[in-house]
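K.L.:
quick one, structure for this:
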Amino acid sequence: MRVVVVGGGYAGLSCLARLARVLPDAERHLVDPGRWHLRRTLLHETLRKPLYELRASFGPIARTWDFQHHAIELDWTPEHLARWSREGRLPLGDRELAFDALVLATGLPGLRGRASRSQTPPVLLESLATGAGVNAFKRLAAAEGTAWVVGAGASGLQCLFELAAARPEGAPLGLIEASGTILSKEPGRLRRIVLKRLEALDVQVLMDTRYEGAGRGRVRVSGPDGEDSLPAGGVLLCTGPSARPLPADASGRVLSRGRPLPRIYAAGDCARWRDVPFDAATAQTAVRKGRHVAETIARIAQDRDPEAWDDRQLGYILSLGPSDAVGWVFARAALLHGLPAVAAREAVEARWDLLLAGVDSFGAL
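P.N.:
Got it, this is the predicted structure:
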């Protein structure tokens, strides 16, 4: 049996690691154009950590978990998936690779940068994976004018608190959020703690406000009071993906016209699983969905029915800067903040370090 996983992020690598256990005799392949896995949950830390600390080469990981890495960009569309499902083959450069199961473990494209005449165009969150993007992030931290963050999801908030720690004392910060609240799915007490931290930092928070563009030292927004143009030293865009995810069922099988597409599965942010109440685009979800897709493939290979994913959220930790965090683990009512939350976050990251080194401790989830 041959299984091909497209995308070497949290979902892809957790799927490959689990496949090594549940289908040890299967031939396993990873298709990813890069040379290394990137710790995207830590991109906000690039203001104070070198980028290489967030990277892990695919070579040692492939040897550890016994899979082949193909450094190839694979473009896919629903039409491509339907054809590959029928043929059981996908193109890899100048050749084709037959497969019995294909797992999409990629993300979705994010907001593209808009044309800007500014000498400091908006910084895209995804660009922090590159040296040029990190340098732009650092210039934003040093800017004299207001440093604006667009998007009050986990990534945007974590980047904002890192900016607050790196900027000169009193340097202005702003947050633009299209919805009327932050972290709407998290406990109210957690939201209040975050809002209190923002208030203590004197962050200008604009809710129910859409980002319209930036340039010439200004940021353009539209909100309850109409359109406005505000002074800006720079902008960081953390607005999430711009494309629609694929539908999949609760066991990870990609759906076409409401029916599972034979041999095609999805574990990454590229898909949303139907009939699953909690399916957030988080590393926790990606890891657990990657493992579950491996289990689904193994069950189908053994002529057993796949099982629905246990989608319970197991915790949430938000970094509030280099030495602060807030969140919960297993019980929403047992809120952690300060150093205990920092320690919990470091423990979660340590489990991923162990997986990259060959020890899968996520079975205890």
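K.L.:
which residues in the stretch 151-300 of the chain form helices?
P.N.:
Using DSSP state H, counting those that start in this stretch, the helices found in the stretch 151-300 of the chain span residues 154-166, 188-200, 283-301.
K.L.:
could you list the residues in contact with stretch 334-342?
P.N.:
Applying C-beta atoms under 8 Å, 6 or more residues apart in numbering, the contact partners of stretch 334-342 are 187, 189-190, 193, 317, 319, 323-329, 344. (Glycine included, C-beta is placed from N, CA and C.)
K.L.:
actually stretch 34-41, sorry about that
P.N.:
8-10, 13, 54-59, 61, 71, 129, 283, 349, 352, 356.
K.L.:
for it, what is the average pLDDT?
P.N.:
Across stretch 34-41, the average pLDDT comes to 95.
K.L.:
how about it: buried residues?
P.N.:
Going by neighbour count (16 or more other C-beta atoms under 10 Å), the buried part of stretch 34-41 is 34, 36-41.
K.L.:
what's the span of that stretch, first residue to last?
P.N.:
Across stretch 34-41, the terminal residues are separated by 18 Å (C-alpha to C-alpha, to the nearest Å).
K.L.:
per-residue confidence at the residue nearest to residue 33 when sequence neighbours are not counted?
P.N.:
With sequence-adjacent residues excluded and distances taken as C-beta to C-beta, 6 or more residues apart in numbering, residue 33 is closest to residue 73, at 4.2 Å. Looking at residue 73, its pLDDT reads 94.
K.L.:
assign residue 73 to helix, strand or coil.
P.N.:
Three-state assignment for residue 73 (DSSP: H, G, I helix; E, B strand; the rest coil): coil.
K.L.:
and it, how far is that from residue 43?
P.N.:
From residue 73 across to residue 43, the span is 21 Å (C-beta to C-beta, to the nearest Å).
K.L.:
can I get the helices of the stretch 151-300 of the chain in a markdown table including mean neighbour count and distance to residue 208?
P.N.:
Output for the helices of the stretch 151-300 of the chain, formatted as a markdown table (neighbours: other C-beta atoms under 10 Å; distance: least, C-beta to C-beta, whole Å):
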| stretch | mean neighbour count | distance to residue 208 |
| --- | --- | --- |
| helix 154-166 | 23 | 16 |
| helix 188-200 | 15 | 15 |
| helix 283-301 | 24 | 27 |
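K.L.:
which among the ones you listed is found nearest to residue 3?
P.N.:
Smallest distance to residue 3 across the helices of the stretch 151-300 of the chain (C-beta to C-beta): 6.3 Å, for helix 283-301.
K.L.:
now the closest one: how far from the chain's centre is it?
P.N.:
Relative to the centre of its chain, helix 283-301 is centred 17 Å away, using C-alpha atoms, centre = their mean, to the nearest Å.
K.L.:
pairing partners for the helix or strand following that helix, with directions?
P.N.:
Moving toward the C-terminus from helix 283-301, the next helix or strand (DSSP states H and E) is strand 315-319. When pairing is defined by DSSP bridges, strand 315-319 lines up against strand 325-329 (antiparallel).
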